[in-house]
Each structure stands twice: as structure tokens, then as C-alpha cells.
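> sharing a model prediction with you, sequence too.
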Amino acid sequence: MNNKSGKSGFTLVEILVAVAIIAAIVSMVYGSYSVTSKSAQTCKKRIELSRQARELLGRMAQQIRCSYAGSVQKPKPAAGKGALKKEETQENIINYFNGSSGKISGEILYLVTTNSILERKSPGLFEVTYKFDKNIGTLFISRERFVDGSKSFIENRNWQPLAENIESIELEFSDGQQWLPAWNFKEKKALPYAVKINITCLDENYRQYPFGTAAYICSRKNQDMKTTSETLVSVNK
């Protein structure tokens, strides 16, 4: 007499094999999704970093293009008092523009401009100062009305954070022939033809991304120069 019921089922080994295969497939799918998600997130953050850098360079370029400088009278030495007269005149020259990227931290750019960014509807002259603090990777800006032709004291300035996650800022100033690392209006008695700005930003993984632009100063624009006011952006992979 045959007691077989004719019913079939899965053995324990078959179930374990099936579970292992399903787990492997899920693991592969999740791994692929995780990599894709991280890649998309990194790309999104890179795009946001690029947008912030472009916005920062655009603001700085606008103010630089609108730089202003009053007339500078050349000293006329009097008889017997030429040296003294020249020295006094030099001291009385208003410093409309001063910039340097040699400092790791501190005030890097000062200019008098007709563009204050935040007060577009308010006409007049403004003195704008940029200060970089490398310790916290932050660029600060100070905007004040240009009054009495004198630069305000730094301790009286209202510093506002303008950009964060900055590794370095380098400035170069064109005299029409070459790019210089610094510019002092009292010495040059004129504005530069153009200013080149190079900044390096950091992401959350401390990867560096360089951005740069070069802007003409409208009152000194020269058709023979090859600098450009368009924002140029490059990213290290």
C-alpha cells in the first residue's frame, strides 16, 4: 500500500538558497542606489557652490567696474620749498582704491564706488571694504557712505559676512601693461584698468574648487586690453 500523498514542498536548503539570492539582489540594488544618490548629492552641492561663487564674483565685479576716483592735482613745488610742498600734497591725496592679496587674512580690497549692491536706488558714492578671515574661511564686506573724502576707521565699520567656505582669495591689478599683486591709489594716482579675482572654495569634504573673473573699470577701459568682465569658472575634479 502506497502512503505517498503526492504533495511537494521546499526543503530547508532550497529556502536558504532563495533567501541568500534575494539578499544579494537587494544588496546590489541598494548599493547602486546609494552610489547614485551620493553622486547626485555631490553634483547638486557642486552646482550650488558654483552658483554661490558666480554670485559673489558678479557682485564684486559690479562694484569694481563702478569704481570712482576724483581728480588728483600734481604738486607744484614753490621756490625753495619743493620737497616740503610735494610731501604735503602726497599726504592729502585721497585713497580711492587700495588692494592686495598678499595678506593671508585681513583687509584685501578698498574702493570708492557708485554701486553699493544693497542700495541700488540710493545715488551717491560708497566706500566698500572687503576683509578675508582665513581662520574661518569667510569673506566680509563693509559698506559706508563716502563722506568728507576720508576713509572710515576700521573699528567703526559694520562688517557683514558675504561668503563662507573660502580657502583663498587672490587679486591682481592691471596697469595696462602687466598684472600687479597690489595697487595703491596714493602711489599710482589712478585707478587700475582691470582687476582679476581668483577664489578657491571648499566643499564639506575639503575638496577645492577654483573660480575666477576679471572686470574692467569703466573709467579706465582700454580697447587694446584682452581682459574680460565675463565670469570664468573652472572646477578641479
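Received it, and whenever you're ready, just let me know what you need.

> what packs against the strand or helix carrying S32?
Take DSSP states H and E as the rule and S32 turns out to sit in helix 12-65. If you count contacts as 3 or more C-beta pairs under 8 Å, 6 or more residues apart in numbering; DSSP states H and E, helix 12-65 packs onto strand 106-113, strand 160-163, strand 194-202, strand 208-216, strand 231-233. Just so you know, the C-beta spots here come from the backbone N, C-alpha and C atoms, and that holds for glycine as well.

> would you mind getting the angle between that helix and strand 106-113?
Between the axis of helix 12-65 and that of strand 106-113 there is an angle of 50 degrees, by axes from the mean of the first three to the mean of the last three C-alpha atoms, to 10 degrees.

> for helix 12-65, give the mean pLDDT please.
Averaged across helix 12-65, pLDDT comes to 80.

> equivalent analysis for stretch 125-136, please.
Mean predicted confidence for stretch 125-136 is 91.

> any buried residues in that stretch, and which?
125-132 (16 or more other C-beta atoms under 10 Å).

> that older thread, could you dump the helices and strands packed on helix 12-65 into TSV with mean pLDDT added?
As requested, those are arranged in TSV below (pLDDT from 0 to 100):
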stretch	mean pLDDT
strand 106-113	92
strand 160-163	92
strand 194-202	93
strand 208-216	92
strand 231-233	44
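
> what's the closest of those to T138?
T138 lies closest to strand 160-163 among the helices and strands packed on helix 12-65, at 5.4 Å (C-beta to C-beta).

> would you mark the buried spots in the next helix or strand after the closest one?
The helix or strand immediately downstream of strand 160-163 is strand 166-174, counting by DSSP H and E. Within strand 166-174, the residues that count as buried by 16+ other C-beta under 10 Å are 166, 168-169, 171-174.

> what angle separates strand 166-174 from strand 106-113?
Using the same axes, to 10 degrees: strand 166-174 against strand 106-113 is 50 degrees.

> ok, K188 - contacts?
By C-beta atoms under 8 Å, 6 or more residues apart in numbering, the contact set of K188 is D175.

> before we move on, what about A163?
Each residue near A163 by C-beta under 8 Å, 6+ apart is listed here: 52-53, 56, 138-139, 199.
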